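Trainee: Sequence plus predicted model, see below.
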Amino acid sequence: MIRIQDILDELEKLAPLSWQEDFDNAGLQVGDASQEARAALLCVDVTEEVVDEALQKACNLIVSHHPLAFRPFKSLTGKTYVERCLMKACKEGLCIYAAHTNLDNAPGGVNYQMASMLGLENVRILSPDPQKGGAGSGAIGELPADEAALDFLLRLKNVFHLAALKHSALPAKPLRRIALCGGSGAFLWKEALQAGADAFVTGEAKYNDFFDVEGRILLAAIGHYESEACTKELFQSIISKKFPTFALYFSRLNSNPVKYL
């Protein structure tokens, strides 16, 4: 018998909860992890539709990247989608678990998954945290060969299935060393520049960030959700490696709250 806790233990071998940032709320959000695991639904965000999807597929575990219960609340009355999700999960015996900044900070985590999708080599942590034992923010690596900036951006659109992306001025010289950070990672662009990166890819960047790079590094913002949609494949890889016959499903719902016209 595979318990839900067995599944969570595998996730935390790669991404211990102690590696999450202080503001975060990764881990088991709701439910009894001692119960037998039937099947799991893998997603980026938990919404009411995702909870319904899990129940329709007879899953009793949802593994998400973004925590459902992120901000504190003093009541559970169903007035928000978060409360309604939690209430339904409790009623149906559904466990909801989030691997968030602990997975972002993990060697082999979200940023390494992004690097793999782009074919980077010699991937390492961009900003190591000595207190996290080899973990840290962002990742950096090299392309197998020089690539023109425009070609790289067009490949970004294709690899991450982007409707659009934002970028700073194109440099004349080709790119080789690429730094990246999924989600809201623009705070790392100066460290990427100091590490000799030719380009920095992240989910979100502020308007002034595109001014501040001053042509010294190519800054590309591909969208928060788009940069982290790969967590579903990462969850699948971690869990199926230990439990190859366990039923895993990707959520078919696009939970990205940002729409493009």
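Mentor: The structure has been received and is ready for your questions.
Trainee: I figured residue 126 hits residue 181, correct?
Mentor: Yes: counting by Cβ atoms under 8 Å, residue 181 is a contact partner of residue 126 at 7.0 Å. All C-beta atoms are positioned from the backbone trio N, CA, C, and that covers glycine.
Trainee: more crowded one of these two?
Mentor: Neighbour totals were compared for residue 126 and residue 181, and residue 181 leads with 28 against 23 (other Cβ atoms under 10 Å).
Trainee: wait, isn't the more buried one in contact with residue 125?
Mentor: No: between residue 181 and residue 125 there is no contact under Cβ under 8 Å: 10.5 Å.
Trainee: CA atoms only: put stretch 225-239 into PDB for me.
Mentor: Provided in PDB are the C-alpha atoms of stretch 225-239 (Å, rounded to 0.1, in the frame of the first residue of the first chain):
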ATOM      1  CA  TYR A 225       2.300  30.800 -15.100                       C
ATOM      2  CA  GLU A 226       4.100  30.100 -18.300                       C
ATOM      3  CA  SER A 227       7.500  29.800 -16.500                       C
ATOM      4  CA  GLU A 228       6.200  27.400 -14.000                       C
ATOM      5  CA  ALA A 229       3.700  25.200 -16.000                       C
ATOM      6  CA  CYS A 230       6.600  22.700 -16.200                       C
ATOM      7  CA  THR A 231       6.200  21.900 -12.500                       C
ATOM      8  CA  LYS A 232       3.600  19.300 -13.500                       C
ATOM      9  CA  GLU A 233       6.200  17.300 -15.500                       C
ATOM     10  CA  LEU A 234       8.600  17.700 -12.700                       C
ATOM     11  CA  PHE A 235       6.100  16.300 -10.100                       C
ATOM     12  CA  GLN A 236       5.400  13.400 -12.400                       C
ATOM     13  CA  SER A 237       9.100  12.700 -12.800                       C
ATOM     14  CA  ILE A 238       9.800  12.700  -9.100                       C
ATOM     15  CA  ILE A 239       6.800  10.500  -8.100                       C
END
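Trainee: Tell me the buried residues in it?
Mentor: Neighbour-count burial for stretch 225-239, counted by 16 or more other Cβ atoms under 10 Å, picks out 225-232, 234-236, 238-239.
Trainee: Same list (those) but as a markdown table, adding secondary structure.
Mentor: As requested, these are exported to a markdown table (DSSP: H, G, I helix; E, B strand; the rest coil):
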| residue | secondary structure |
| --- | --- |
| 225 | helix |
| 226 | helix |
| 227 | helix |
| 228 | helix |
| 229 | coil |
| 230 | coil |
| 231 | helix |
| 232 | helix |
| 234 | helix |
| 235 | helix |
| 236 | helix |
| 238 | helix |
| 239 | helix |
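Trainee: And those, which is closest to residue 117?
Mentor: residue 230 (6.3 Å; Cβ to Cβ).
Trainee: can you tell me which strand in the protein is longest?
Mentor: Longest strand in the chain by number of residues (criterion: DSSP state E): strand 136-147.
Trainee: got the angle for the helix or strand following that one vs strand 136-147?
Mentor: Sequence order places helix 149-159 as the next helix or strand after strand 136-147, per DSSP states H and E. For helix 149-159 against strand 136-147, the angle by axes from the mean of the first three to the mean of the last three Cα atoms, to 10 degrees is 120 degrees.
Trainee: Contacts for helix 149-159 next, please.
Mentor: Contact with helix 149-159 is made by 117-118, 143, 147, 162, 165, 167, 170-171, 174-175, 178, 199, 201, 218, 220, 222, as judged by Cβ atoms under 8 Å, 6 or more residues apart in numbering.
Trainee: and it, which residues are buried?
Mentor: Quick answer for helix 149-159 (16+ other Cβ under 10 Å): 149, 152, 153, 156.
Trainee: Find the nearest non-adjacent residue to the residue minimising distance to the centre of the chain, please.
Mentor: By Cα atoms, centre = their mean, the chain has its centre lying nearest to residue 228, at 3.7 Å. Nearest residue to residue 228, sequence neighbours excluded (Cβ to Cβ, 6 or more residues apart in numbering): residue 182, at 4.8 Å.
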